[in-house]
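A.B. asks: Kindly return the folded structure for what I paste below:
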Amino acid sequence: MHIHSGQKVDLTISGESEIKICLGWDTDNRDIEIDGAAFLLSERGICENDEDFICNSQPISRQQAVIHAERGGQDKEVITIKPALIPKDIHRIVITLSIYEGEARQHFFSQIVRPFLRIITEDRQEEWLRFDFGQGMASKTAVVIGELYQQQGVWMFRTIAEGLNGGLIGICNYFGMEVMEEIVPKPIRLAEVIYLAKIRSHRQPSIHLSHATTSKGRILRETN
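C.D. replies: Numbering: from 1, shown residues only. Next up is the predicted model:
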């Protein structure tokens, strides 16, 4: 079933205990590097702990409720979510895509073809929901695709498709994380990467950041 921006879906309708959110896209530019991520947010709408930021260099959340994995084929990345295991202090899970060093390299979503999110059921391994997005994001380097949230004890999924600037750094700051740089030997390997996050206690900042994003486990740079 195709869904559109702003649509809400009751995830319990599928009857599944595990939801696979698959992210895919095409591009003719092989230099573009794209990353999917999940932000587990508290009631305040921010990422309270650095372990609640799930990406390919930190692929497993607390209680293994959210697991990130890379794939080949049409699904470039898959985020598996088990609603029954989501910690009680998590109220929303936001799914994002970002382009590594987009502004600096002049890589934007205008160069990405047919980006999509689709939800696969656990038992049948069939596509249940599909959301094609990308319109109106020509000059953007990141996108908040959608979110899982609780409504009267039921986990729902809402499509958003909000394009942003600042890449992954912009998204991190928006959800309450300040990300700083660690010096590590080059070339950087995933096992050598350290993410440092200081959690903001004040309100969410607006997104208006410059040239720092990350891809495939590279170090994030503070841009304040």
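
A.B. asks: tell me which helix or strand of this protein sits lowest on mean pLDDT?
C.D. replies: For the chain, counting by mean pLDDT, DSSP states H and E, strand 196-199 ranks last in confidence among helices and strands (a mean of 43).

A.B. asks: Residue 149 and residue 95 touch, don't they?
C.D. replies: No: the pair residue 149 / residue 95 is not scored as a contact, 11.7 Å apart, by C-beta atoms under 8 Å. Backbone N, C-alpha and C define where each C-beta goes, glycine included.

A.B. asks: Compare those two (neighbour count), which wins?
C.D. replies: residue 95 (25 against 17; other C-beta atoms under 10 Å).

A.B. asks: list the helices and strands the longest helix along the chain packs on?
C.D. replies: Criterion DSSP state H: the longest helix present in the chain is helix 167-174. With contacts taken as 3 or more C-beta pairs under 8 Å, 6 or more residues apart in numbering; DSSP states H and E, helix 167-174 sits against strand 34-41, strand 92-99, strand 142-151, strand 154-164, strand 177-180.

A.B. asks: would a markdown table of those strands with mean pLDDT be doable?
C.D. replies: Converted to a markdown table, the helices and strands packed on helix 167-174 look like this (pLDDT from 0 to 100):
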| stretch | mean pLDDT |
| --- | --- |
| strand 34-41 | 96 |
| strand 92-99 | 96 |
| strand 142-151 | 95 |
| strand 154-164 | 93 |
| strand 177-180 | 74 |
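
A.B. asks: Next, format those as CSV and append distance to residue 120.
C.D. replies: Output for the helices and strands packed on helix 167-174, formatted as CSV (distance: least, C-beta to C-beta, whole Å):
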stretch, distance to residue 120
strand 34-41, 15
strand 92-99, 14
strand 142-151, 15
strand 154-164, 13
strand 177-180, 29
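
A.B. asks: Nice, that's everything, thank you.
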